[in-house]
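Visitor: Predicted model and sequence below, questions to follow.
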Amino acid sequence: MSFYVLLPGAGGQAWYWHLVEPRLRALGHDVVAVDLPAADENAGLREYASVAAEAIGARTDAIVVAQSMAAFIELPRVRQIILVAPMIPAPRETPGEWWENSGQVDAKRRADIKEGRDPDAPFDPVATFLHDVPPDILEEAFRRGEPRQADRPFGDPWALDAWPDVPTQVIAGRYDRLFPIAFMHRLALERLGLHAGVIDSGHLPALSRPDELTNRLDSYRKLVQ
């Protein structure tokens, strides 16, 4: 049995993992899905890190799975980090700076044009995030309402001088419209020296491909046994 700590991206809702959590438990693992204080204007990356550390507790064997912006959360000693569609940070970079620094803005625009989408269209969460989520899960997401994400953490610099010396894997979505696959491959290589594994999903594989993501998380666990 392994101990998984699941961190959501922007919006901070543990609900994002509600399909993956029971699947990991069915494999015999201990799992904690974390709610982050995303709606709190006074909560920045330090507060997010405190919540994550509290979920991990005194254990040093946690496998932390961090979605998107959660890659910026500084962690205590853990066994493994698995990044899912991540905003991989550079030293002292803020999440607000990341978009231009990483090249995401240009990469998304090029991908939109190549795939026939209007790069200047107003933001549409369904078209960007939820395009491959099954209708019943999409309906549930809309019933819950759009999660609120405060601006505070986007101005906080990543606290580390280098990526921690912890076994790390990266998972990218082949059909991710926010972080196009070619961009994710380049970012993982440039910032971590890693090749990203690929899932046939958009930006939110825990909602659109929970079985595939669960199997990938379980297989990556075996790399550090």
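Guide: Nice, thanks for sending it over. Residues are numbered from 1 along each chain as shown.

Visitor: Determine which residue lies closest to the centroid of this protein.
Guide: Gln67 (1.2 Å; C-alpha atoms, centre = their mean).

Visitor: Near Leu83, how many other residues are there?
Guide: Per other C-beta atoms under 10 Å, the neighbour tally for Leu83 reads 25. Just so you know, the C-beta spots here come from the backbone N, C-alpha and C atoms, and that holds for glycine as well.

Visitor: For it, give the beta-bridge partners.
Guide: Beta-bridge partners recorded for Leu83 (DSSP bridges): Ala66, Val170.

Visitor: Next, the contact list for it, please.
Guide: Counting by C-beta atoms under 8 Å, 6 or more residues apart in numbering, Leu83 makes contact with Ala66, Ala71, Thr168, Gln169, Val170, Ile171.

Visitor: Name the helix or strand of this structure that has the lowest mean pLDDT.
Guide: helix 125 (a mean of 92; mean pLDDT, DSSP states H and E).

Visitor: Name the residues that touch that helix?
Guide: Counting contacts by C-beta under 8 Å, 6+ apart, the residues outside helix 125 that touch it are Glu146.

Visitor: helices or strands up against the helix or strand following that helix?
Guide: Per DSSP states H and E, helix 125 leads on to helix 135-144 as the next helix or strand towards the C-terminus. Packing partners of helix 135-144 (3 or more C-beta pairs under 8 Å, 6 or more residues apart in numbering; DSSP states H and E): helix 205-208.

Visitor: hmm, try it at 7 Å
Guide: The contact analysis (3 or more C-beta pairs under 7 Å, 6 or more residues apart in numbering; DSSP states H and E) places helix 135-144 against no helix or strand.

Visitor: Name the residues of it that are buried.
Guide: Neighbour counts over helix 135-144 (16 or more other C-beta atoms under 10 Å) mark Ile137, Leu138, Ala141 as buried.

Visitor: any idea of the mean pLDDT for that helix?
Guide: When pLDDT is averaged along helix 135-144, the result is 95.

Visitor: go on, stretch 163-173?
Guide: In this model, stretch 163-173 has a mean pLDDT of 97.

Visitor: Run the chain-centre distance for it.
Guide: Relative to its chain's centre, stretch 163-173 lies at 11 Å (C-alpha atoms, centre = their mean, to the nearest Å).

Visitor: What confidence value was assigned to the most far-flung residue of the chain relative to its centre?
Guide: Distance from the C-alpha centroid of the chain, by C-alpha atoms, centre = their mean, peaks at Gly116 (26.0 Å). In this model, Gly116 is scored at 97, pLDDT.

Visitor: What separation do you get for the closest residue to Gly197 other than its chain neighbours and Pro135?
Guide: Of all residues not flanking Gly197 in the chain, Ile171 sits nearest, at 5.1 Å (C-beta to C-beta, 6 or more residues apart in numbering). As defined by C-beta to C-beta, to the nearest Å, Ile171 lies at a distance of 24 Å from Pro135.

Visitor: now do Arg110
Guide: As judged by C-beta to C-beta, Arg110 and Pro135 stand 30 Å apart.

Visitor: and what of Asp40?
Guide: From Asp40 across to Pro135, the span is 32 Å (C-beta to C-beta).

Visitor: same check, this time on Val64
Guide: Distance from Val64 to Pro135, by C-beta to C-beta: 31 Å.

Visitor: before we move on, what about Leu187?
Guide: With distances taken as C-beta to C-beta, Leu187 is found 31 Å from Pro135.
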